[in-house]
Structures are given as structure tokens and as C-alpha cells.
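Visitor: Here is a sequence with its predicted model. Questions after.
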Amino acid sequence: MISDEIKNIKDFMSELLISNSFDSYLVTDVTITTFNTFHIDGHIKKEFYSASEYEDMNKPLLSQWSQVKKYCYDIIKGKKTPLSFKIIFMMPDDIVRQLIYDNSLSIDINNITGLFINIKYENGHLSYTTGTSLNILELDKSTEKAFDKYIVSTLFE
């Protein structure tokens, strides 16, 4: 697990809200506080879709950031900075598989419940924290270390 402050808030927010750097990440939860508190639960409500629409979408459980980013942008944009926000991303299976392959990890993807990055803004400070959730005990923490390295190298270098 890594927890660190993001120094260049303006550049990071541009990457988050305007570029496509985070678009494939899955959204578990977003809370943004401005004049109200807005909450987005990233879990897909399959009842919203017809059976064929849901099937065509490959039966997703979570929304991708690309699907909710514009709503978050609309809430955050403006002359006043939000009081706070928190975004919890989970890595999609293709990134998890690539991480396993690139790092020659012996863990089976079915034993990885989720690889997460939490982004938090509060009191003028922006920070991130990584997290791993596994179904097994991994004494050497190789999955956690590989994920932390991935996040630092792709988002914060």
C-alpha cells in the first residue's frame, strides 16, 4: 500500500477529468461535496438495461470512469473549488492480467478480489492511496508491490 500527496493538483485534475488516462478504470464509489454532497455508486444496475443490452455490454458489474467522468466534471467545474471529493477506482481485469504477466506473478487472477486506488481531496490537499484485496494470504506481498509500482510508474512519474 502506498499513500502519498499529489503535489501538482491542477495537472492531476486535468489528467483525471479531461484526458483519457483513467477512462478504463472501474468506479466503485464517488463522493463530491460542493454546495451539496453528490454520490455516485459505480455498481451497474442491470435492471436499467434490456437483457440483450446487458448481454451486449458483457455483463459489467461496475461502470468505467469514461461513463461517469462527465458528470463528475460538471459537478467539480466552476469558480469555486469543491470542499472535498473521494473517488475509488478498481482496476479492470485486463490491467490485472497484464500486471500478473509483466511481473511473472504466481497468483491466479481469481484470487485477486480487487486492486484499488483511492483519490481524496480535502482541505486543499489531494492524495492517493493504493490497496489490494486478495482471497489468499500472500506473505511476500508480491501482488501489492507490483500494483504499487504500476500505479507510481503510470500515474505519478
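Guide: Ah, there it is.
Visitor: For the rest of this, base every contact and every neighbour count on C-alpha atoms.
Guide: Will do.
Visitor: all strands of this structure, in order?
Guide: 3-5, 26-33, 37-41, 63-64, 84-90, 112-122, 125-134 (DSSP state E).
Visitor: and D56, which of the ones you listed is closest to it?
Guide: Nearest to D56 among the strands of the chain is strand 63-64 (14.5 Å), distances taken as C-alpha to C-alpha.
Visitor: Check this structure for its longest helix and report it.
Guide: helix 142-155 (DSSP state H).
Visitor: how far is the helix or strand bottoming out on mean pLDDT in the chain from where the chain is centred?
Guide: When the helices and strands of the chain are scored by mean pLDDT, DSSP states H and E, helix 51-56 comes last with a mean of 88. Offset of helix 51-56 from its chain centre (C-alpha atoms, centre = their mean, to the nearest Å): 25 Å.
Visitor: And the contacts of it?
Guide: Contacts of helix 51-56 from elsewhere in the structure, counted by C-alpha atoms under 8 Å, 6 or more residues apart in numbering, are 46, 60.
Visitor: Try it again at 10 Å.
Guide: Helix 51-56 is contacted from outside by 44-50, 57-60, using C-alpha atoms under 10 Å, 6 or more residues apart in numbering.
Visitor: what's the answer for stretch 118-131, then?
Guide: Contacts of stretch 118-131 (C-alpha under 10 Å, 6+ apart): 1-9, 12-13, 28-33, 81-90, 114-117, 144, 147-148, 151-152.
Visitor: could you redo the last one with a cut-off of 8 Å?
Guide: Under C-alpha under 8 Å, 6+ apart, the answer for stretch 118-131 is 1-7, 9, 83-89, 115-117, 144, 148.
Visitor: cool, stretch 72-83 as well?
Guide: Contacts of stretch 72-83 (C-alpha under 8 Å, 6+ apart): 17, 32-34, 122-123.
Visitor: Quick one: buried ones out of these?
Guide: For the contacts of stretch 72-83, a burial check counting by 16 or more other C-alpha atoms under 10 Å picks out 17, 32-33.
Visitor: Same list, those, but as JSON lines with distance to F156 and pLDDT please.
Guide: Below are the buried ones among the contacts of stretch 72-83 laid out as JSON lines (distance: C-alpha to C-alpha, whole Å; pLDDT from 0 to 100):
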{"residue": "L17", "distance to F156": "16", "pLDDT": "96"}
{"residue": "I32", "distance to F156": "23", "pLDDT": "98"}
{"residue": "T33", "distance to F156": "25", "pLDDT": "98"}
